[in-house]
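# next input, structure requested:
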Amino acid sequence: MSEHAAGSPLTGRLVLLGVTGSIAAYKSAELCRALTGAGADVQTLLSRSASAFIGALTLETLTRRRPMTDPLELLPDQRIGHIVAADSADAILVAPATARWLGAMAAGLADDVITATCLASAAPVVVAPAMDGEMWNHPATRANVAKLREFGYTIVEPEVGPLASGQRGVGRLADTPAILAALAAVLDGKPIRRPDEAERPPVVMPLPINDLSGWRVVITAGGTAEPIDPVRYIGNRSTGKMGVAIAQAALDRGALVTLIAGMTSAPIPSGVDLIRAPSAAEMREAVLAALPGADALVMAAAVADFRPKKQSMTKIARDGSGLTLELEPTQDILAEAATVARAAAAGPRPLIVGFAAETGSLERAPEKATRKGVDLMVANDVAMEGSGFGSDTNKVTLIQPGGPTEEWPQMSKRQVADRLLDRLIGLRAAKSAELAAR
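Below is the predicted model of the structure:
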């Protein structure tokens with residue numbers, strides 16, 4: 001929030017910015033800047049044709065929220081996106097609004113995410129049209145505008161200026177200050193509808209708070225591949241999404257991040273110190289080498305429990321007799337790292353966080369947390385819908401040996417990551433206070 005935003009009528013408001021398929025859509029980036037600069041939270045809604053003029057990534061970066069493009073789109077927690085937006089919005093601003101959109105809205109046709117949201121919301125609506133001058137003056141357009149005014153919508157009429165056709169005339173999108181003034185006027189004196197962020201569309205790019213500045217965090221992500229021969233391996237279904245989400249969250253909060261990645265399909269965040277470790281043996285070596293000097297180790301990787309006892313140096317030929325593999329257990333990297341951390345010299349030692357992927361029940365997780373000697377264990381049932389490998393969401397139980405067990409609701413993996421980092425900060429503060437008391 002900017003310094004001058006505190007007294008703005010937009011401060012703390014959730015504004016939905018609907019962008020339709022006009023050449024003036026490029027000005028939506030400027031509107032996003034102005035709205036957030038005035039203290040508003042912004043959720044963008046893009047019609048199908050708008051994406052030809054303005055990229056979703058641009059708007060996501062400016063607003064920290066992913067643009068909504070489809071009325072059927074679900075949020076990570078399975079709520080209907082445009083309904084959540086409609087119920088929590090303080091105002092809806094459609095800018096630019098095309099002649100086609102004016103007609104669809106006047107007729108009540110919910111054929112895009114913007115019209116659907118407007119129909120589902122009791123929030124005031126401000127519309128700023130932009131189009132060619134003859135289109136604006138056509139009787140059909142004028143009738144549609146009059147209909148929207150009957151709905152109670154505020155129309156910020158287009159201005160005279162150069163148009164996309166090369167002509168000069170009425171139809172140019174109104175200037176940003178005029179649009180913001182109209183928006184402020186419809187909100188003046190009204191309370192904020194949903195001040196609780198949990199009731200609004202989720203933020204996917206939180207503002208940096210740098211509460212991990214000075215921390216060095218080691219994170220493992222993905223599965224491991226245990227070779228059978230140069231071609232084949234034993235693996236698992238992990239994509240690395242959870243570990244990558246933790247790495248990105250730690251980066252955003254100011255930490256120096258070492259990411260030890262096994263077999264992953266999730267995009268690796270820029271800014272991490274990346275170490276590739278595709279097998280359990282290589283991951284063990286990388287973790288033990290990175291542990292000294294770390295403030296925390298988060299073992300989110302799905303490390304194989306077994307590997308072939310013998311690895312063929314050449315591809316095993318297929319024949320009709322089948323293949324029998326003798327397996328041996330891999331080393332327990334998490335337990336070994338926890339032992340090494342406890343044996344460290346006096347002073348703050350690395351906090352150790354483990355992940356336990358279970359199926360059907362989490363009954364074994366508390367015993368596992370105690371046996372492995374971790375500070376925190378994050379357990380989840382990977383057979384549960386929305387909580388398994390490759391999912392964008394997770395439903396976890398946080399276990400602290402000797403402490404309380406917390407069942408967290410289903411959330412996006414980024415939300416799980418931030419909540420976990422919050423717990424690590426609290427845990428480090430508690431342990432530092434304990435050391436000082438000694």
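# any idea how far the nearest residue to Ala338 once chain neighbours are set aside lies from Glu134?
Spatial nearest neighbour of Ala338, excluding adjacent residues (CB to CB, 6 or more residues apart in numbering): Gly373 at 3.7 Å. Backbone N, C-alpha and C define where each C-beta goes, glycine included. Separation of Gly373 from Glu134 (CB to CB, to the nearest Å) stands at 76 Å.
# these two: who's more crowded?
Taking neighbours as other CB atoms under 10 Å, Gly373 and Glu134 compare with Gly373 leading, 17 against 14.
# for that one, list the residues it contacts.
Listed by CB atoms under 8 Å, 6 or more residues apart in numbering, the contact set of Gly373 reads Ala335, Ala338, Thr339, Arg342, Ile352.
# so which of these is the closest to Gly37?
Ile352 (42.5 Å; CB to CB).
# test of understanding: give the bridge partners of the closest one.
Under the criterion DSSP bridges, Ile352 forms beta bridges with Leu297.
# so it touches Ala341, yeah?
Yes: with contact defined as CB atoms under 8 Å, Ile352 reaches Ala341; the gap is 5.6 Å.
# my guess is Trp101 contacts Val113, does it?
No: contact between Trp101 and Val113 fails when scored by CB under 8 Å: they sit 11.4 Å apart.
# helices of the protein, start to end?
With DSSP state H as the criterion, the chain has helices at 28-37, 56-63, 81-88, 99-107, 113-120, 133-137, 139-150, 176-187, 241-252, 280-290, 333-342, 365-372, 413-437.
# and the second one, what does it pack onto?
Right, the one you point to is helix 56-63. Here helix 56-63 touches helix 28-37, strand 41-46, going by 3 or more CB pairs under 8 Å, 6 or more residues apart in numbering; DSSP states H and E.
# can you pull the contacts of Leu46?
By CB under 8 Å, 6+ apart, the contact list for Leu46 reads Val19, Ile54, Ala56, Leu59, Pro67, Met68, Thr69, Val113.
# those residues, buried ones only, as a PyMOL selection?
Per 16 or more other CB atoms under 10 Å, the buried members of the contacts of Leu46 correspond to this PyMOL selection:
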select buried, resi 19+54+59+67+68+69+113
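# what's the separation between Ala357 and Gly223?
10 Å.
# tell me which of these two has more neighbours.
Between Ala357 and Gly223, counted using other CB under 10 Å, the more crowded position is Gly223 (23 against 20).
# for the nearest residue to that one once chain neighbours are set aside, give me its contacts.
In this structure, Gly223 finds its nearest non-sequential neighbour in Ser238, 3.6 Å apart by CB to CB, 6+ apart. Ser238 sits next to Gly222, Gly223, Gly262, Met263, Thr264, Ala301, Ala302, Phe389 when contact means CB under 8 Å, 6+ apart.
# among the residues you listed, who's most crowded?
Greatest neighbour count in these, by other CB under 10 Å, goes to Gly222: 31 neighbours.
# so that residue touches Leu274, yeah?
No: the criterion here is CB under 8 Å, and Gly222 misses it with Leu274 at 11.6 Å.
# can you list residues touching both of these two?
Ala261.
# I figured Leu180 hits Arg33, correct?
No: using CB under 8 Å, Leu180 is not in contact with Arg33; the gap is 11.1 Å.
# picking that back up, overlap in contacts of Trp101 and Val113?
Ser47.
# any idea how many residues pack against Gly386?
Gly386: 14 surrounding residues under other CB under 10 Å.
# likewise for Val84?
22.
# list the residues that contact the residue nearest the centre of the chain.
In the chain, the residue lying closest to the centroid (CA atoms, centre = their mean) is Val204, at 3.3 Å. Contact partners of Val204, counting by CB under 8 Å, 6+ apart, are Glu60, Arg64, Arg65, Arg66, Ser412, Arg414.
# most packed of the helices and strands packed on helix 56-63?
Ranked by mean neighbour count, the helices and strands packed on helix 56-63 are led by strand 41-46 with a mean of 27 (mean count of other CB atoms under 10 Å).
# could you tell me the angle between that one and helix 28-37?
160 degrees (axes from the mean of the first three to the mean of the last three CA atoms, to 10 degrees).
# against Ala164, how distant is the nearest residue to Arg48 once chain neighbours are set aside?
Using CB to CB, 6+ apart and skipping residues adjacent in sequence, the residue nearest Arg48 is Asp112, 6.5 Å away. When CB to CB is the yardstick, Asp112 and Ala164 sit 21 Å from each other.
# of the two, who's got more company?
Just comparing Asp112 and Ala164: by other CB under 10 Å the higher neighbour count belongs to Asp112, 25 against 13.
# surely the more buried one is in contact with Leu72?
No: look at Asp112 against Leu72 with CB under 8 Å: they stay out of range, at 11.4 Å.
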